[in-house]
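Student: here are the coordinates; sequence isn't available:
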Ligand code: ADP
Ligand code: ZN
């Protein structure tokens, strides 16, 4: 089992970068945000617990996240290579991930910190639109579907704005991110696995990350 982490503020492009990299590298992309949204949609126990936190832009409690991630590792293939996106978000989650991976004889090999100025983040997120059918991500400023209102990938016309992608919730999410990640960054810096990636330009970001995959 191998594990790398994409760390970055809301809107830093973690999800897009992970999906794009799949064209060149084999790995399982695990997004806790996607897993939580699926749970909310399904109305499961986890979803019911997570919903209110997500709507306020607060972090979902560690126990809930840990339950989800244990399930991922337990049911995955023993030689899987994971790319975690949106996880860990707290030092407590990072410690528990290290313990779980150790149980499989593995550890985190790289943590890519996607670095984007805050004003760019706000513009990106408030313009973000998502296909409800297939999860494809668009942006009213930078990446419109080829036919207005129709998803390029699946043809659905159900393209929506995430309820937490409004300016107020967003500012709270960015504050939470800054507070929580300062210690997380320190945690991974200590073990020497942290790689800072300037991430304003998507292609440059992906190239930089690919270099590390080629080395390992
Ligand atoms: P973003 O990074 O754009 O905020 P995500 O899809 O990663 O979006 O997360 C959406 C919401 O899901 C977060 O605001 C938070 O409430 C919850 N969430 C996702 N991952 C975690 C996590 N590892 N720990 C706690 N809460 C999480
Ligand atoms: Zn679609």
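Tutor: Yep, it's here. Keep in mind that what you see is a predicted model, and the values were worked out from it rather than measured. Ligands and ions are numbered 1, 2, ... in the order given.
Student: so what's the gap between the longest helix along the chain and the chain middle?
Tutor: When the chain is parsed with DSSP state H, its longest helix is helix 167-190. On the basis of CA atoms, centre = their mean, to the nearest Å, helix 167-190 sits 13 Å off its chain's mean C-alpha point.
Student: for residue 143, list each beta-bridge partner.
Tutor: Assessed by DSSP bridges, residue 143 has beta-bridge partners residue 139.
Student: next: the one 4 residues further on.
Tutor: Residue 147 has the following beta-bridge partners by DSSP bridges: residue 150.
Student: quick one: pLDDT of it?
Tutor: What the model reports as pLDDT for residue 147 is 97.
Student: which residues of this structure score low on pLDDT?
Tutor: The model of the chain has no residue with pLDDT under 70.
Student: which stretches of it form helices?
Tutor: 14-21, 32-42, 45-56, 62-75, 91-103, 118-126, 167-190, 202-215.
Student: residues in contact with the third one?
Tutor: Same thing as helix 45-56. With CB atoms under 8 Å, 6 or more residues apart in numbering as the test, helix 45-56 has contacts from 36-41, 59-61, 64, 67-68, 163-164, 169, 172. To be clear about C-beta, it is placed using only N, CA and C from the backbone, and glycine gets the same treatment.
Student: one more: the fourth one?
Tutor: With CB under 8 Å, 6+ apart as the test, helix 62-75 has contacts from 1, 30, 32, 35-36, 39, 46, 49-50, 82, 87-90, 92-93, 96-97, 100-101, 104.
Student: number of residues surrounding residue 39?
Tutor: Using other CB atoms under 10 Å, residue 39 has 20 other residues around it.
Student: what does this structure put close to ligand 1?
Tutor: Where the chain comes near ligand 1, counting by CB under 6 Å from any ligand atom, the residues are 10, 32-33, 36, 53-54, 57-60, 65, 86-89, 93, 173.
Student: try 8 Å
Tutor: 8-12, 14-15, 31-34, 36-37, 50, 53-54, 56-62, 64-65, 85-90, 93, 125, 162, 164-165, 173, 176-177 (CB under 8 Å from any ligand atom).
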